[in-house]
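Student: give me a 3D structure for the following:
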Amino acid sequence: MGKKLYVGNMGYEVSSADLEQLFTPHGQVQSAEVINDRSTGRSKGFGFVEMSSDQEAQAAIAALNGQDHGGRPLTVNEAKPRAPRTGGGGGYGGGNRRY
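Tutor: Numbers count the residues shown, from 1 in each chain. Predicted coordinates:
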């Protein structure tokens with residue numbers, strides 16, 4: 001089972017291919033994805049990389065966390081599972097409407 005890593009503080013011009021190239025020297029990259037804004041298509045400045053083993057993931061964290069990349073210090077750590085969204089959706093909000 002591979003380890004998924006969070007990569008933050010990237011420049012907005014970094015592509016998924018760039019991200020994969022950055023991590024390849026530290027082990028086998030199973031996937032690399034830069035997260036883009038849905039409405040603009042522009043990078044949000046972070047992404048996820050999945051390495052093929054825990055050892056490779058730890059090696060990548062040790063080598064790349066805090067390293068300068070395009071003038072910005074990268075943040076690389078284990079990805080945390082996405083927290084469930086709370087608060088529910090819209091709804092009708094009540095009010096004193098007369099129909």
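
Student: for the longest helix anywhere in the chain, buried residues please.
Tutor: When the chain is parsed with DSSP state H, its longest helix is helix 54-64. Residues of helix 54-64 classed as buried under the neighbour-count rule (16 or more other C-beta atoms under 10 Å) are 56, 57, 58, 59, 60, 61, 64. Any C-beta I mention is one placed from the backbone N, CA and C, and that applies to glycine too.

Student: now do stretch 17-36
Tutor: Of the residues in stretch 17-36, 18, 19, 20, 22, 23, 26, 27, 29, 32, 34 count as buried by neighbour count, 16+ other C-beta under 10 Å.

Student: residue boundaries of the strands in the protein?
Tutor: Per DSSP state E, the chain has strands spanning 3-8, 29-36, 43-51, 68-69, 72-73, 75-78. These are given in chain order.

Student: show me what the fourth one is in contact with.
Tutor: Under the criterion C-beta atoms under 8 Å, 6 or more residues apart in numbering, residues 10, 11, 14, 22, 74 lie in contact with strand 68-69.

Student: what is the nearest of those to residue 49?
Tutor: Proximity of these to residue 49 was ranked by C-beta to C-beta; the top entry is residue 22 with 8.3 Å.
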